[in-house]
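**Student:** 3D, please:
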Amino acid sequence: MTNEEIPNDMVRNDVDEITFADVLGFIRDNLAVIAGVAVVGAAIGIGSTFAFHKQWEGKVTLQIGRAAGSPVAGPDGPLIESIQQTVGRVQLSTFRDKVTSEVMPQLQGNVEELRKTVAWNALKARPIQGTAYMEISARGTSPEQAEQVLTVATHRIETEHAAILERARALPKQQLSVIDAAIESNTKAQEELSAALAHSKNTDSVIALGALQNSRTERATLNDSRYRVSQLLAPDQSYNTRVVSEVQIGQNAAFPRKLYFGGAGLVLGAIVGVLIGLARKSRVQST
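**Tutor:** You can find the predicted model right below:
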């Protein structure tokens, strides 16, 4: 088959096919334009960071407290509240309203403006898998504000968990007071039986001795019950949620980051440079 016999569409496909050499040639011919516009884009991206208000981010870690007898199971024992529920508590609009209102008292009562602030929108929490820990993160327009948001949020969680813990401890405390009263009555009864046994005759002494032994058995049962209930109130079994790592604020602003903005500007500038190169090539081919 001669060249004259080759179909026109096959010839056109060979002409239109772009090879790797074509790409390299295009880059080589337009390298100065692409690089120049990319550098300008990076400079614009970095410069644009000065147009935004800076935001600082901080984090704090909490350990969810324990409440002996609580139905909420945790990795190391019963918890005051499930970790997921506490995380959800932080995400509640009402919780964030209270925290932000305390940080920005001038906006208290103005819910619409309050919910536009960085502090309100950036307050978040997440569980640390496999542990009884959770992490709270927050942002502010200054390092001091970010720290204040975290401090107020942790204090509010500790306060709310303390109330839950106190309700959980109410029943064991009540049981303990009842047991202590029974032990006191038992002690008096044993004293009276011992005195009666000392002055009793043979027949009476047998009855008094049996009563005394029953009283001592009852006392042993009461002591055992008191121990079990007191364990529910022991400091290592029931304690409030607490901070396990101090508030940590990043030394540099979390937003805007010059590296990200500069990188985005560099990429966009390179794309614009390629488009300019394609336009120049198209103009040359058309003349």
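
**Student:** quick one: contacts of the helix or strand harbouring residue 112?
**Tutor:** Following DSSP states H and E, the helix or strand that holds residue 112 is helix 111-114. By C-beta atoms under 8 Å, 6 or more residues apart in numbering, the surrounding residues in contact with helix 111-114 are 97, 100, 101, 104, 107, 108, 120. Where you see a C-beta, it was placed from the backbone N, CA and C, and this is true even at glycine.

**Student:** helix or strand right after it?
**Tutor:** helix 118-122.

**Student:** how about that next one: buried residues?
**Tutor:** 118, 119, 120, 122 (16 or more other C-beta atoms under 10 Å).

**Student:** now, of the contacts of helix 111-114, which are buried?
**Tutor:** Judged by 16+ other C-beta under 10 Å, buried ones among the contacts of helix 111-114: 97, 100, 101, 104, 107, 120.

**Student:** any figure for the gap between residue 80 and residue 169?
**Tutor:** Separation of residue 80 from residue 169 (C-beta to C-beta, to the nearest Å) stands at 10 Å.

**Student:** quick check: neighbours shared by the two?
**Tutor:** residue 67.

**Student:** looking at those two, which one has more neighbours?
**Tutor:** residue 80 (26 against 17; other C-beta atoms under 10 Å).

**Student:** can you list phi and psi of the more buried one for me?
**Tutor:** phi -60, psi -40 (degrees, to the nearest 10).

**Student:** right, and it touches residue 69 too?
**Tutor:** No. Counting by C-beta atoms under 8 Å, residue 80 stays clear of residue 69, with 11.2 Å between them.

**Student:** identify the contacts common to these two.
**Tutor:** Between them, residue 80 and residue 69 share the contacting residues residue 168, judged by C-beta under 8 Å, 6+ apart.

**Student:** where does residue 260 fall, helix, sheet strand or coil?
**Tutor:** helix (DSSP: H, G, I helix; E, B strand; the rest coil).
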